[in-house]
Every structure is written in structure tokens, then in C-alpha cells.
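# Just need the structure, nothing else, for what follows:
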Amino acid sequence: MSAAITADRTDLPSRAGEPPLAELMADIGRRARAASHRLALAPTEGKRRGLLAVADAIRKAERVILAQNALDLADARAAGRPNSFVDRLMLDPGRVEAIAKAVEDIANLPDPVGRVLASFERPNGLRIERVSTPLGVVGVIFESRPNVTADAGALCLMAGNAAILRAGSESFRTSSAIAAAMSEGIAQAGLPADAIQLVPVRDRDAVGLMLTGLGGAIDVIVPRGGRSLVERVQADARVPVFAHLEGVNHVYVQASADPDMAKSVLLNSKLRRTGVCGAAETLLVDREAAATHLRPLVTALLDAGCEVRGDEAACAADPRIIPAGEADWATEYLDAIISCRVVDGLDGALGHIARYGSHHTDAILTEDAGAAERFLAEVDSAIVLHNASTQFADGGEFGFGAEIGIATGRMHARGPVGVEQLTSFKYRVRGSGQIRP
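Now for the predicted structure:
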């Protein structure tokens, strides 16, 4: 079943005349596998034409997408969802245009398929090449961000993969409208419409079926959402997983940090968009700089409307600071809330991050090159920054066009998952009649 007919489906796993959920999902898997075979052989220009047609289709469907988004937003507000959640869900003409532009950016990336990654010749004359290949079928399970529909689908297509997308209930209508436009654009360009399919029901059992691999149809699963989703996927998946854990991200202000730069970077890291996974959640201030840096930093946060929860030293800097509990150090707030701790130098910061961090994104603000290099070397996170906002944790900012997510594991993909990370490789061996003795 293609994405083009998903927008009007509702919560029920099946309705009169429709197949049961297991049969529906198996059919989606078969269609995706067939599409992946065609995409693996698609020429670069064919994929580019398809993605440009997708971007055009999304722009033409703006009115429908925004109308469906309005319904999703109304449900979210009626359910009392926090403002940060609503912001992640909300689209407007500018954001729809940004979605279309991201698809165009992906279309203009170098084709990651067919690259010769290494080549060498053995003493017996065998010539061996390691060549990049598509992964096959990628299952993406996401929650409230409807832009993931376009980002994930477009990235998979450019990498020669078919995509099976399962949107959260909160973004179901919006994601369905985007997926329908994408399917239309792909078909118009002569590529298989089943290359990008969005699961057309909200039934949670669909997630479980995807985690089984749909009878070998799915090659890898990418979860994009909160801890409960990621933990379920990691526990139950029978196929490889690109883990995307929560972003408990730190900004460490070292003793030599420029005060004005530190304030600017900190405010951007926390407050540019509080609901994104790259937002800073903990401020660490070097004890040597506490007398000069701490009060201006927390005052700037508080004056900007950010709640600060601090340790005893931080609380002494401003009476508006709320005492932090142990849970605060490991919390991804995704809101205008930040925890603040005074630490004993670089070792104290490294120890805190190692204990409470999520291996996502962490930054050091310092003019000490030695401290910066040690931080960059020793912090075991997918993204580490020196004198830059944590909100640069984004595939678009890395020049990847977009991302499926920020992988926080250590296998295959780590950091922003773009087109290159959505490929594998094979060895091509050329001989002239060699046999093994």
C-alpha cells in the first residue's frame, strides 16, 4: 500500500474490506523490498529528478499539509501537551518550505552509492575494491516531528534504500499528507511509488511488527523519539538498530572562557529551540570561574525566561534558582529548564558528563587550546564542540542536507545519520583465472 492513500485512515487496524494489520504490514514489507531492488540500480540523475519532484509536490500540497497539521495541533493542545511539544509538531508556510528545501538539498548531495572506498591488488594479481551499496529497506519509527517524514524518506531514497515510516499518533495526519505528496512526486519521476511508504494506521501493534523485520523485509530500524520508544526498540528489535537516545547535552564553561561569548553560546544552546535534541540541558561552570562567570550566565538564563535548577554553589548566585535534585542531572527537559552545577575544573566536568550524559552532544567554552583538545578527545559523545552552540547538532548544519536522527551508539553510524551513513559496502574482486592453492 503506497503512501498516497494513507491520509484518511484512522486509528483502527482494519476496517470493512481492508486486510488485518499483520497482512497489511507484510504487504508493505514486500512492496518495500521490491522497490529497494529497483532503487539500488537507479542512476544518480534519476534519484535527483525524483527528489526534486518530491520537493515540488510538497510545495503544491502546502494547503493540505497545513490543514492536517491544524487538526494534529488541536488534538495536542486539547490533550494538554507542553508548548515545547507543540512547537515540534507545528508547521507553518515557512516550515513547509524548509521541508521542501531540505529535500532539494538532499537531491544535490553527491550520490553515496557506488563509491570506491578502497582498492588494492594482492600478490596473486587479484584486484579488490570495497564499494558502497544501499542498506536495503530502512524502517523509521518517529513521534511528533512531521518533518522526519520528508527527511527520512528523501535520505533513504538518495542512498538507494526503500523506507517504511511509522509516524506517532500526534503527527499522524500531517505525516500522512507529507507522505502522500512524496509518493506522488516519486511516481511522476518514474521511480517506484512504494519506495517511501508510511504505515497507514495508528495501531501501536504496527511498531511491534516492524521490529520483527516483517519477514526479512526490513534491514535496519531507526527510532526517533523519547527514551521509552528507543528502549522498546532496542529491547525488542530483531534487526539492527541505529540508536538515537535522548540528548542530555552539556555546556561546560572553563575558567578561561570569554564571558560575552559564553553567554551568547549558552543562550543559543538552551533557548534557540528548547524542544530539539541538540538543546543544552546542563550548564557546568568551572569553580575557578564561578566568581566571574556564574552570576552573569544564570542571570541571563533567568531573565530570558529559563528556569534554572542548581547545586548549592549555583543557588548562591541568584535567589530565583531552584535547588536541583539528583534526577535533574540526567534529565532531558526539552523545555525552558536547565540544570546548573559548579565543577572542579576539567576533570570535574569530564566526570560529570561521563556519569550523567547520553553520548549525544557536549560543548566546552574556553580560550585554553589544551583544555579544548582534551575535552574533544575524552568526551565520549557523538558530537563534541569547542566554542560553538550545541544546537549545531543537526544534519543540515553538517552539510548532510538533513538527517534521520543523531545516532548515539558506536556501531556503523554515529552522529547525524545522513546519506553516507545509510549505505553499507561490498567487495568486488577481479581476477584472471586465479585459484587458491
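# Can you name the residues that contact the spatially closest residue to L346 that is not a sequence neighbour?
In this structure, L346 finds its nearest non-sequential neighbour in A371, 5.4 Å apart by Cβ to Cβ, 6 or more residues apart in numbering. Heads up, the C-betas are built off the backbone N, CA and C, glycines and all. Applying Cβ atoms under 8 Å, 6 or more residues apart in numbering to A371 gives the contacts 254, 256, 346, 364.
# what do you get for V222?
V222 touches 138-141, 152, 241-242, 244, 404-405, 417, counting by Cβ under 8 Å, 6+ apart.
# if we can go back for a sec, host element of the residue nearest to L346?
helix 369-378 (DSSP states H and E).
# And E231, by the same measure?
helix 227-236.
# Contacts for that helix, please.
With Cβ under 8 Å, 6+ apart as the criterion, helix 227-236 contacts 141, 143, 207-208, 211, 221, 223, 241, 243-246, 332.
# how would you label the spatially closest residue to R30 that is not a sequence neighbour: helix, strand or coil?
Counting by Cβ to Cβ, 6+ apart, R30 lies nearest to A217, which is 6.5 Å off, once chain neighbours are set aside. Secondary structure assignment for A217 (DSSP: H, G, I helix; E, B strand; the rest coil): coil.
# Strands of the stretch 51-200 of the chain, residue ranges please.
Under the criterion DSSP state E, counting those that start in this stretch, strands of the stretch 51-200 of the chain are mapped to 116-121, 127-134, 137-142, 162-166, 196-198.
# Burial check on the residue nearest to R30, number of neighbours?
25 (other Cβ atoms under 10 Å).
# My guess is it contacts A32. True?
Yes. Contact criterion Cβ atoms under 8 Å: A217 and A32 qualify, at 5.9 Å.
# who touches both of those two?
The contact sets of A217 and A32 overlap at 137, 164 (Cβ under 8 Å, 6+ apart).
# circling back: and the direction of the helix holding E231 versus that of strand 137-142, what angle?
If you take axes from the mean of the first three to the mean of the last three Cα atoms, to 10 degrees, helix 227-236 sits at 150 degrees to strand 137-142.
# What residues of stretch 39-55 count as buried?
Of the residues in stretch 39-55, those buried under the neighbour-count criterion (16 or more other Cβ atoms under 10 Å) are 39-40, 42, 47-55.
# what's the answer for stretch 91-102, then?
Buried, per 16+ other Cβ under 10 Å, within stretch 91-102: 91, 96, 98-102.
# is it possible to export these to CSV including distance to Q421?
Putting the buried residues of stretch 91-102 into CSV (distance: Cβ to Cβ, whole Å) gives the following:
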residue, distance to Q421
L91, 26
V96, 26
A98, 22
I99, 21
A100, 23
K101, 21
A102, 16
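# now those as JSON lines including pLDDT and distance to E170?
Formatted as JSON lines, the buried residues of stretch 91-102 follow (pLDDT from 0 to 100; distance: Cβ to Cβ, whole Å):
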{"residue": "L91", "pLDDT": "96", "distance to E170": "13"}
{"residue": "V96", "pLDDT": "97", "distance to E170": "18"}
{"residue": "A98", "pLDDT": "94", "distance to E170": "20"}
{"residue": "I99", "pLDDT": "95", "distance to E170": "17"}
{"residue": "A100", "pLDDT": "96", "distance to E170": "22"}
{"residue": "K101", "pLDDT": "95", "distance to E170": "24"}
{"residue": "A102", "pLDDT": "93", "distance to E170": "21"}
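# Thanks a lot, see you next time.
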